[in-house]
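[1] Here is my input; please provide its structure:
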Amino acid sequence: SRLEGLELGAEDFIAKPFHPRELMARVRALVRLRRLQSEIGRRNIALRQANARLQSTSREIELYARAVSHDLRSPLAAASESLRVADTAQPADRERFLALARENLYRADRMLVGLRELMRTVGSAEPVATFSVQTVVQEVIRELRLVRTDHPATIEIVGDLGRIEGRENKIVHVFRNLLM
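    Modelled structure (predicted):
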């Protein structure tokens, strides 16, 4: 009977005699239902993948924030101590301590600028690729020379530094923070 058929898993039931147009309408409705179920399944998979990426990005941000807060303590503490010593230093030494404070505040500022740049890219769709470490470091050195004209530094690259895999903007960010 109809009830037994539906209880056994049938999606629909047509009693004989049936009209061909009714049969076609029911078939179209079932096909539409299957398409919608498939679409829901695809969207659920995409949603699970997006949630996994979001959780991963959230963990990255948390780890990075911890590292930045730790790394910022050093130049800020050095700047604070330099200013404290400059307050009581002899005039001849005062400028040296103030310069040291400025240098450390500049380092902290560069870290914050780098953090801001990185946060713009977190979760971006930038592809993972393999890069020459030497090329990345040379680019950061060129950038450093443009920015830090008041404090020339000599950095010499000896030998091949190999290759690294990752997102270019994040790799550049890491080396920028290391070298600046």
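[2] For residue 177, give its distance to residue 101.
    20 Å (Cβ to Cβ, to the nearest Å). All C-beta spots, glycine's among them, are computed from the backbone N, C-alpha and C.
[3] Please identify the helix or strand for the nearest residue to residue 112 once chain neighbours are set aside.
    Spatially, and ignoring its direct neighbours in sequence, residue 112 is nearest to residue 72 (7.6 Å; Cβ to Cβ, 6 or more residues apart in numbering). Assigned by DSSP states H and E, residue 72 falls within helix 20-88.
[4] Show me what that helix packs onto, helices and strands only.
    In this structure, helix 20-88 makes packing contacts with helix 91-121, judged by 3 or more Cβ pairs under 8 Å, 6 or more residues apart in numbering; DSSP states H and E.
[5] just checking, what packs against the very next helix or strand once past the helix it packs on?
    Next helix or strand after helix 91-121 toward the C-terminus (DSSP H and E): strand 129-132. Applying 3+ Cβ pairs under 8 Å, 6+ apart, we find strand 129-132 packed against strand 163-166, helix 168-179.
[6] Tell me the strands beside strand 129-132, with direction?
    strand 163-166 (antiparallel) (DSSP bridges).
[7] can I get the CA coordinates of the partner strand in PDB?
    The C-alpha coordinates for strand 163-166 follow below in PDB (Å, rounded to 0.1, in the frame of the first residue of the first chain):
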ATOM      1  CA  ARG A 163      64.600  27.900  -1.100                       C
ATOM      2  CA  ILE A 164      61.600  28.300   1.200                       C
ATOM      3  CA  GLU A 165      58.000  27.400   0.700                       C
ATOM      4  CA  GLY A 166      55.100  29.700   1.800                       C
END
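[8] what residues does stretch 96-108 touch?
    Stretch 96-108 has contacts (Cβ atoms under 8 Å, 6 or more residues apart in numbering) with 72, 75-76, 78-80, 82-83, 85-86, 89, 151, 180.
[9] which of the residues you listed are buried?
    75, 78-79, 82-83, 85-86, 180 (16 or more other Cβ atoms under 10 Å).
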